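A.B. asks: Give me a model of this one.
(2 chains)
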Amino acid sequence: DAGVIQSPRHEVTEMGQEVTLRCKLISGHNSLFWYRQTMMRGLELLIYFNNNVPIDDSGMPEDRFSAKMPNASFSTLKIQPSEPRDSAVYFCAGQGTQYFGPGTRLTVL
Amino acid sequence: AQSVTQLGSHVSVSEGALVLLRCNYSSSVPPYLFWYVQYPNQGLQLLLKYTTGATLVKGINGFEAEFKKSETSFHLTKPSAHMSDAAEYFCAVGLSGGYQKVTFGTGTKLQVIP
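C.D. replies: A predicted model of the protein is given here:
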């Protein structure tokens, strides 16, 4: 099973708060991708890791966003401080986007 | 640089009719091409992919797509639509040699009319 687990599934927070999204890969992945999906911009690649190393973070919108992958099966995406325009569904994907997680729906009030 | 264009943001078909979702790509190198399906409030699920070799690719749920280099197209088809096919479909292109830097199209919402 090469699944992807994301938590939380839904997050509602107020502007200025720190938000941490989590992604767990279930075996067999050597790459991890973070995507953001909005109605206006569709699916955007934020950052991807290969063998735990960030390869391309050019899609990270600004310094408020950061991502880490401390081990081969776990990653976090942090937004600090959050803003209403960060509201979106954030997806984690493994094994070169072949496996997507269910997403975290973030609402920033 | 690479990109995909999906023609038609909404497509409606009758149950049992042919499904045809159009995708054209642009890539400076031989591409990897993908189709994904997304059901409401769910993540994307890979339907099929083309990397190299046979240009007609069969995927899950009875879908298939044909890579046509001369037309830079990778259209998705299914002979007979089922109500459960109603979803949003995304075409995507990636660089050959890996799955990095996959670029997604804007999506096509498929409606199946009973």
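A.B. asks: residues from chain A in reach of chain B?
C.D. replies: A:4, A:31, A:33, A:42-43, A:45, A:48, A:50, A:55-56, A:91, A:93, A:95-103, A:105 (Cβ under 8 Å from any Cβ of the partner chain). In this view, the C-beta of every residue, glycine as well, is placed from N, C-alpha and C.
A.B. asks: Make a PyMOL selection of whichever of these turn out to be buried.
C.D. replies: Buried subset of the residues of chain A next to chain B, written as a PyMOL selection, criterion 16 or more other Cβ atoms under 10 Å in any protein chain shown:
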select buried, chain A and resi 4+31+33+43+45+48+50+91+93+95+96+97+98+99+100+101+102+103+105
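A.B. asks: Okay, and which of the residues of chain A next to chain B map to strands?
C.D. replies: A:4, A:31, A:33, A:42-43, A:45, A:48, A:50, A:55-56, A:91, A:93, A:99-100, A:105 (DSSP state E).
A.B. asks: nearest to B:Met83, of the residues you listed?
C.D. replies: A:Phe100 (23.3 Å; Cβ to Cβ).
A.B. asks: Low-confidence ranges, chain B, go.
C.D. replies: B:96-100 (pLDDT under 70).
A.B. asks: what residue is smack in the middle of chain B?
C.D. replies: By Cα atoms, centre = their mean, chain B has its centre lying nearest to B:Trp35, at 3.4 Å.
A.B. asks: cool, chain A as well?
C.D. replies: Note: chain A centre (Cα atoms, centre = their mean) maps to A:Trp34, 3.9 Å.
A.B. asks: what number of residues lie near the nearest residue to it once chain neighbours are set aside?
C.D. replies: Of all residues not flanking A:Trp34 in the chain, A:Leu46 sits nearest, at 4.4 Å (Cβ to Cβ, 6 or more residues apart in numbering or on different chains). Around A:Leu46 there are 20 other residues, counting by other Cβ atoms under 10 Å in any protein chain shown.
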